[in-house]
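J.: With the sequence up front, the predicted model follows.
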Amino acid sequence: MNNLLIIKLTGEKPKNKQEIIERASSGWKISPKRLNDVKYVVVLYQQIVIATYQLGKMLTYNKNIAKVTKLDLTETKDLDIVGQDVSYPTSNPATISSLDNLFKNK
C-alpha cells in the first residue's frame, strides 16, 4: 500500500489514545497537496506503530508557519499493524511513504 502519512512522535510517550490523536492531528510541516492521495496515517513512537487512522477530507493549513495545524483523523484497524516494530530511520517527523518501506528491513 502506497501513500501513507507516517508520523513519528518524539518526547514523552503518549499516555492514552486521546493524547495520541491530539498529537498526531496537528503541527506537521507537510504540503496539503502531498496529502491528496493519502488514505491512512500511521503513528510511530520509538519505531513501534502505536496507532493507525484514516485521513478524512478536511485539514487546516497555516500559511504563516507553513504547517498543517489540524488533520481530520478517524481511528481504524484496517491496516492491522498496531504494536509492530518497524524500520523507518528518517529523521523527518512527517513523511509520505508505504507499508513496504516501513517493514522492508524487518
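T.: Nice, thanks for sending it over. Numbering: from 1, shown residues only.
J.: which residues of this protein fall in strands?
T.: 4-9, 40-45, 48-62, 67-75, 94-97 (DSSP state E).
J.: so can I have a markdown table of the ones you listed showing distance to P32?
T.: From N, CA and C alone the C-beta is placed, and that goes for glycine too. Formatted as a markdown table, those follow (distance: least, CB to CB, whole Å):
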| stretch | distance to P32 |
| --- | --- |
| strand 4-9 | 11 |
| strand 40-45 | 14 |
| strand 48-62 | 5 |
| strand 67-75 | 7 |
| strand 94-97 | 12 |
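J.: Can I get the ones you listed in a markdown table including distance to E22, mean neighbour count and mean pLDDT?
T.: A markdown table is the format used below for those (distance: least, CB to CB, whole Å; neighbours: other CB atoms under 10 Å; pLDDT from 0 to 100):
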| stretch | distance to E22 | mean neighbour count | mean pLDDT |
| --- | --- | --- | --- |
| strand 4-9 | 11 | 22 | 96 |
| strand 40-45 | 11 | 22 | 97 |
| strand 48-62 | 11 | 16 | 96 |
| strand 67-75 | 10 | 17 | 95 |
| strand 94-97 | 15 | 17 | 94 |
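J.: neighbours of the residue nearest to A66 when sequence neighbours are not counted, just the number please.
T.: Closest residue to A66 apart from its sequence neighbours, by CB to CB, 6 or more residues apart in numbering: K29 at 6.2 Å. By other CB atoms under 10 Å, 11 other residues sit near K29.
J.: what sits against K29?
T.: Neighbouring residues of K29 by CB atoms under 8 Å, 6 or more residues apart in numbering: A66, K67, V68, A94.
J.: Great, nothing more from me.
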